[in-house]
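In: Just a sequence and a predicted model for now, questions to come.
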Amino acid sequence: MNATQCSVFRDLSHSVEYHLLTATKGILCSVGAFRITSQWRQYGVRFLVHENTKIIFRFFLALNIVIAAIFGCIHLFELIRMRCDCFLLDFRYILLTRGFGMSLIYASQHLMLLLSFERLYSAIFPAYFERNSSCFLSISLAIITIIGTVTFGMTQLSDNFRSFNKLAIYLAFLNLNIPLNQQGFDNLVSKMAISNSVALITLCLDFYINFQRNAKQISPSLAVSYQLISCPTLVGHQVFHESVTLSVCFPLILTFLIKHSAEKNLNRPHLKEPEVDHFAELRKSWDRLSAQHKDERTIKYATSRF
């Protein structure tokens, strides 16, 4: 078994294409993690409107930073490993790195699905949503979504965690689909296919809400107006976003989307206020009021003499 894996490893270590692909993915993931971190510090989530949306999107940004960092380290370590002779990988290491990273990717997809449901619900029932929305509920749902998805993913990939207790299995490359967990891997893929189908249905509902529903049917309340502002109809961006969600390079792509959204709001023209010495203006106002009161007293005294 190890002899066969060593043969595969030597073929990979002499493959220029594999080295270039691994280096490219490692660089893209590392740059993506750095850019998301810097843009989060620079822009924050000011380009979003509703506080619940901001909370869920913060979790989404944090997940993408972790995902990009994990896969960046995986690919850079892979380049180092290719310099050695028959450096095989323990399958438990693959589960804790690539398996955990893939589970986080699925969790980030479910976070965006949660965000889509939250925005869809707010668009259908804006007044009720505004009266009953809760930041604590958004935080709880985001944490439950992440923990539940990661736990389910690791359970399926590790054969209900039995792979951690079995004898070590050494592989030449990062492969999660092995005969021992074939059933769990297929189950995970089928569940993610269902999740993608739900996302597609949600996208169709978003189309209906934004374009087909008659706006005159909506009562013109303050809550409705606020939710309409919170739900822009940028379908092109949404379609592009859905097309790259499952990519490990999505953190880097996300930085360009954030930069575009943030700069579109930040580049609006602002009126330049002249430099004003407020204390000097206050003294001038006080002097004018004092002079006015003095004149009034003088006039009142003069009229009283007559």
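Out: Received the coordinates, thanks. Source: prediction; values computed, not measured.

In: Tell me which helix or strand residue 10 sits in.
Out: In this structure, residue 10 sits in helix 2-13 according to DSSP states H and E.

In: could you say what helices and strands that helix packs with?
Out: strand 170-171 (3 or more CB pairs under 8 Å, 6 or more residues apart in numbering; DSSP states H and E). Yep, even glycine has a C-beta here, placed from its N, CA and C like the rest.

In: Check which element follows the strand it packs on along the chain.
Out: Using DSSP H and E, the helix or strand that follows strand 170-171 in sequence is helix 182-207.

In: and that following helix, what does it pack onto?
Out: On the basis of 3+ CB pairs under 8 Å, 6+ apart, helix 182-207 makes packing contacts with helix 100-124, helix 135-157, helix 235-243.

In: just to revisit the earlier point, got the buried residues for the helix or strand just after the helix holding residue 10?
Out: Using DSSP H and E, the helix or strand that directly follows helix 2-13 along the chain is helix 16-43. By neighbour count on 16 or more other CB atoms under 10 Å, the buried set for helix 16-43 is 18, 22, 25-26, 28-37, 39-40, 43.

In: ok and helix 16-43 relative to helix 2-13, angle-wise?
Out: Calculated by axes from the mean of the first three to the mean of the last three CA atoms, to 10 degrees, helix 16-43 forms an angle of 70 degrees with helix 2-13.

In: just checking, what packs against helix 16-43?
Out: Helix 16-43 packs on helix 51-81, helix 250-266, going by 3+ CB pairs under 8 Å, 6+ apart.

In: Need the winner for burial among the ones you listed.
Out: Mean neighbour count (mean count of other CB atoms under 10 Å) peaks for helix 51-81 among the helices and strands packed on helix 16-43, with a mean of 19.

In: Mind giving me the packing neighbours of that helix?
Out: Counting by 3+ CB pairs under 8 Å, 6+ apart, helix 51-81 packs on helix 16-43, helix 100-124, helix 135-157, helix 250-266.

In: Just want the angle from that helix to helix 16-43.
Out: Helix 51-81 and helix 16-43 are oriented at 150 degrees to each other (the same axes, to 10 degrees).

In: could you point out which element follows helix 51-81?
Out: strand 89-90.

In: what does that following strand rub up against?
Out: Outside strand 89-90, the residues that touch it by CB atoms under 8 Å, 6 or more residues apart in numbering are 81, 168-174.

In: Could you do stretch 81-88 as well?
Out: 2, 5-6, 9-10, 12-13, 18-19, 22, 89, 170-172.

In: filter those residues to the buried ones?
Out: 5-6, 9, 12-13, 18, 22, 89, 170-172.

In: Need those residues in JSON lines (columns: distance to residue 185).
Out: Below are the buried ones among the contacts of stretch 81-88 laid out as JSON lines (distance: CB to CB, whole Å):
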{"residue": "5", "distance to residue 185": "19"}
{"residue": "6", "distance to residue 185": "25"}
{"residue": "9", "distance to residue 185": "22"}
{"residue": "12", "distance to residue 185": "22"}
{"residue": "13", "distance to residue 185": "26"}
{"residue": "18", "distance to residue 185": "23"}
{"residue": "22", "distance to residue 185": "22"}
{"residue": "89", "distance to residue 185": "17"}
{"residue": "170", "distance to residue 185": "19"}
{"residue": "171", "distance to residue 185": "14"}
{"residue": "172", "distance to residue 185": "18"}
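
In: So which of the residues you listed is the closest to residue 62?
Out: Minimum distance to residue 62 across these is 25.8 Å, recorded for residue 22 (CB to CB).

In: pLDDT at that closest one, what is it?
Out: The score at residue 22 is 85. That number is its pLDDT.

In: and the gap between residue 109 and residue 190?
Out: For residue 109, the distance to residue 190 (CB to CB, to the nearest Å) stands at 15 Å.

In: In terms of neighbours, single out the busier of these two.
Out: A direct count of neighbours by other CB atoms under 10 Å for residue 109 and residue 190 places residue 109 higher, at 22 against 10.

In: For the more buried one, report the pLDDT, please.
Out: pLDDT at residue 109 comes out at 86.

In: Same question for residue 149.
Out: At residue 149, pLDDT is 92.

In: And for it, nearest residue in space, chain neighbours not counted?
Out: residue 107 (3.9 Å; CB to CB, 6 or more residues apart in numbering).

In: which residues does that neighbour contact?
Out: Neighbour list for residue 107: 63, 145-146, 149-150, 153 [criterion: CB under 8 Å, 6+ apart].

In: Distance of it relative to residue 69?
Out: Residue 107 sits 15 Å away from residue 69, going by CB to CB.

In: and if you look at residue 90?
Out: Per CB to CB, residue 90 is found 21 Å from residue 69.
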